[in-house]
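**Q** model the following, please.
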Amino acid sequence: MEKMIIEKKIIVSTNIEKLWNTLFDNKYVKEYMGCMVRKINNDKLEWFKKTNDYEQILLYGDIVENKPYETLKIRTFNPHRHYHFKFQLDVTYEITEHDKHTELRIIQSGFEKLPDGESVFGENKVGWEMSLSKLKEILDKE
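**A** Purely as a prediction, here's the structure:
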């Protein structure tokens, strides 16, 4: 299978600190991703939805690299895909500041390892387009 990589970027009119802090602030995460996120220990994340007393974990993430205000690399695992092995995808957030604007670049890879990699690639590509568009809208308003 051909190597599949999602690479998306947005340029927003906010500073690097605000963008970095917004990425994992549930006030915004709920708006741009439709779920919430929490840090477990110093190196793990969970994305989840909570309805009344029911909580559903959507995604687990292991922080592989963390350079605040610059780079965050997370190895993710979706527990709802019933694979015979714990297949993971890598997501890298790269942030750079340019004059009065800040660029966020998302790179997601590892799809070729999944049994249904092509369909997951397509789903995630659409998901990133929607999420990043909403994130840009939120940040450009503030």
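**Q** what sits up against the helix or strand where residue 126 lies?
**A** Here residue 126, judged by DSSP states H and E, is contained in helix 117-141. Under the contact criterion Cβ atoms under 8 Å, 6 or more residues apart in numbering, helix 117-141 has outside partners 1, 4, 6, 8-14, 18-19, 22, 28, 31-33, 81, 89, 104, 106, 108, 111, 114. C-beta here means a position set from N, CA and C on the backbone, and glycine is covered the same way.
**Q** report the buried residues of it.
**A** 117, 120, 121, 124, 125, 128, 131, 132, 135, 136, 138, 139 (16 or more other Cβ atoms under 10 Å).
**Q** closest to residue 52 out of those?
**A** For these, the closest approach to residue 52 (Cβ to Cβ) belongs to residue 131, at 24.9 Å.
**Q** tell me how far the closest one lies from residue 99.
**A** With distances taken as Cβ to Cβ, to the nearest Å, residue 131 is found 25 Å from residue 99.
**Q** check which helix or strand covers residue 94.
**A** Here residue 94 is assigned to strand 89-98, by DSSP H and E.
**Q** element containing the nearest residue to residue 58 once chain neighbours are set aside?
**A** Spatial nearest neighbour of residue 58, excluding adjacent residues (Cβ to Cβ, 6 or more residues apart in numbering): residue 47 at 4.6 Å. Using DSSP H and E, residue 47 sits within strand 44-51.
**Q** from the contact counts, what lies against the next helix or strand after that strand?
**A** Where DSSP H and E defines the elements, the next helix or strand beyond strand 44-51 is strand 54-67. In terms of contacts (3 or more Cβ pairs under 8 Å, 6 or more residues apart in numbering; DSSP states H and E), strand 54-67 is packed against strand 44-51, strand 71-77, strand 89-98.
**Q** what residues does strand 54-67 touch?
**A** The contact list for strand 54-67, computed with Cβ under 8 Å, 6+ apart, reads 35, 42-50, 71-80, 90-92.
**Q** at 10 Å what do you get?
**A** Under the contact criterion Cβ atoms under 10 Å, 6 or more residues apart in numbering, strand 54-67 has outside partners 33-37, 39-50, 71-80, 86, 88-95.
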